[in-house]
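Chemist: Fold the following, please.
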Amino acid sequence: MRTITSSNPNWPLRLEHPDNWEPRETFPANGAALFLRGPIRAEAKLFPSITVEARPGTVTDLTELGQQWVTRRTVLPGFYVMGHCETTLAGTRAIQLDAACKMPYPMHARAPEMIPTRERVVLACQDGKIYEICYRATEDDFDEFLGVFEDLIASFSLDNPFLT
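Modeler: Modelled structure (predicted):
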């Protein structure tokens with residue numbers, strides 16, 4: 001296992017990830033985000049990924065939090081919600097959504113091939129911060145790498161927002 005830590009001291013995030021997952025930090029205007037790019041099979045066109053975001057927010061209604069996520073995703077071709085349920089994230093009530101869409105490949109081509117993709121997201125809000133952990137993979141790869149996502153969810157802490 002390897003570790004990546006966000007460089008924003010106001011939003012400390014730390015991820016432990018498998019050696020074959022490539023980490024990188026992104027810099028949203030508010031909050032922090034860490035991105036993990038998973039291994040790609042030779043015949044695959046898209047790689048699996050996990051994004052962990054922390055941002056300011058005071059939404060406490062899980063249905064509203066889930067709806068905000070869905071609204072941001074509806075621009076994706078063929079987007080639909082496959083299911084949702086209440087869950088927990090570090091002992092705090094959370095919502096989990098499963099969705100599907102088609103991702104263009106290559107992204108900026110005039111006539112890209114549309115790749116069937118699945119997403120699973122867990123959303124929670126505590127102490128004025130929204131936490132979003134999202135896993136995305138092609139339909140063919142989704143189940144193969146789901147365990148990496150589940151391990152991140154199981155190790156996430158909201159009291160001290162670090163993954164350990």
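
Chemist: Where is the longest helix in this structure?
Modeler: Using DSSP state H, we find that the single longest helix of the chain is helix 142-155.

Chemist: chain center to the helix or strand of the chain with the lowest mean pLDDT: distance?
Modeler: Lowest mean confidence among the helices and strands of the chain (mean pLDDT, DSSP states H and E): strand 14-17, at a mean of 82. Offset of strand 14-17 from its chain centre (Cα atoms, centre = their mean, to the nearest Å): 13 Å.

Chemist: burial count for Arg24?
Modeler: Counted with other Cβ atoms under 10 Å, residues neighbouring Arg24 total 10. (Each C-beta comes from the backbone N, C-alpha and C, glycine too.)

Chemist: and what of Leu76?
Modeler: A count of nearby residues for Leu76, using other Cβ under 10 Å, gives 16.

Chemist: ok so, going back, can you name every helix or strand that the least confident helix or strand of the chain contacts?
Modeler: When contacts are defined as 3 or more Cβ pairs under 8 Å, 6 or more residues apart in numbering; DSSP states H and E, strand 14-17 packs onto strand 2-5, strand 32-37, helix 142-155.

Chemist: just to revisit the earlier point, identify each buried residue in the longest helix of the chain, please.
Modeler: Buried residues in helix 142-155, counted by 16 or more other Cβ atoms under 10 Å: 142, 145, 148-149, 152-153.

Chemist: Check stretch 78-94 too.
Modeler: For stretch 78-94, a neighbour-count test (16+ other Cβ under 10 Å) marks 81, 84, 89-90, 92, 94 as buried.
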